[in-house]
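only geometry, no sequence info:
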């Protein structure tokens, strides 16, 4: 926009020069002064254009560098997301292992309780067995005494008594 105005001003100044060539010197000097002013303004605009182009080139370089940085960051983010997903999977697996371990501990505790109950039952049965063995030994002693008494009675009575056998009772 500024460039267009400058060009129009220069063209207008040149047109004035051509048209006013037959005019008085003061008019000519005024036109020449305007032309000089337009030339100075054109030079200023050219400097600004040059500075703007240099700034554009710097900005383009910066944009390129930032684009590469953005791509690097996206790549790094993808790596971080992958590691995060792997860690989440490992954490889930650890939780699954923890549950399995908890179940195994409960099963072990139940087995220990059952084993303790079985051991208690074995001790109880062992005690009952010992009591029964003692009772049987006592009964055997009592039986021997009774047999001895029966034999003594038989001798006193002269063998006339016959005792029934235990299987006949």
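Received, thanks. None of the values given here were measured: they were computed from a predicted structure.

Show me what the helix ranked longest in the chain is packed up against.
In the chain, assigned by DSSP state H, the helix with the most residues is helix 25-157. On a contact count with 3 or more Cβ pairs under 8 Å, 6 or more residues apart in numbering; DSSP states H and E, helix 25-157 meets helix 2-19. For every residue, glycine as well, the C-beta is placed using N, CA and C.

re the thing from before, need the mean per-residue confidence for the longest helix of the chain.
Average pLDDT, helix 25-157: 93.

so how far is that helix from its chain's centroid?
Here helix 25-157 shows a centroid-to-chain-centroid distance of 6 Å under the convention Cα atoms, centre = their mean, to the nearest Å.

do the same with stretch 143-162
93 Å.

tell me, what residue is most central in the chain?
residue 88 (1.9 Å; Cα atoms, centre = their mean).

and the gap between that residue and residue 75?
When distance is defined by Cβ to Cβ, to the nearest Å, residue 88 is 21 Å away from residue 75.

And for residue 40?
The gap separating residue 40 from residue 75 is 53 Å, by Cβ to Cβ.

ok, now residue 101?
On the measure of Cβ to Cβ, residue 101 and residue 75 end up 39 Å apart.

Next: residue 57.
27 Å.

What is the burial count for residue 26?
8 (other Cβ atoms under 10 Å).

now do residue 27
13.

and if you look at the one 3 residues further on?
The number of residues packed around residue 30, counting by other Cβ under 10 Å, is 14.

Ok, the one 10 residues further on next?
Counted with other Cβ under 10 Å, the burial measure for residue 40 works out to 10 neighbours.

do residue 31 as well
If we define neighbours as other Cβ under 10 Å, then residue 31 has 20 of them.

measure it to residue 144 for me?
On the measure of Cβ to Cβ, residue 31 and residue 144 end up 163 Å apart.

cool, and residue 36?
157 Å.
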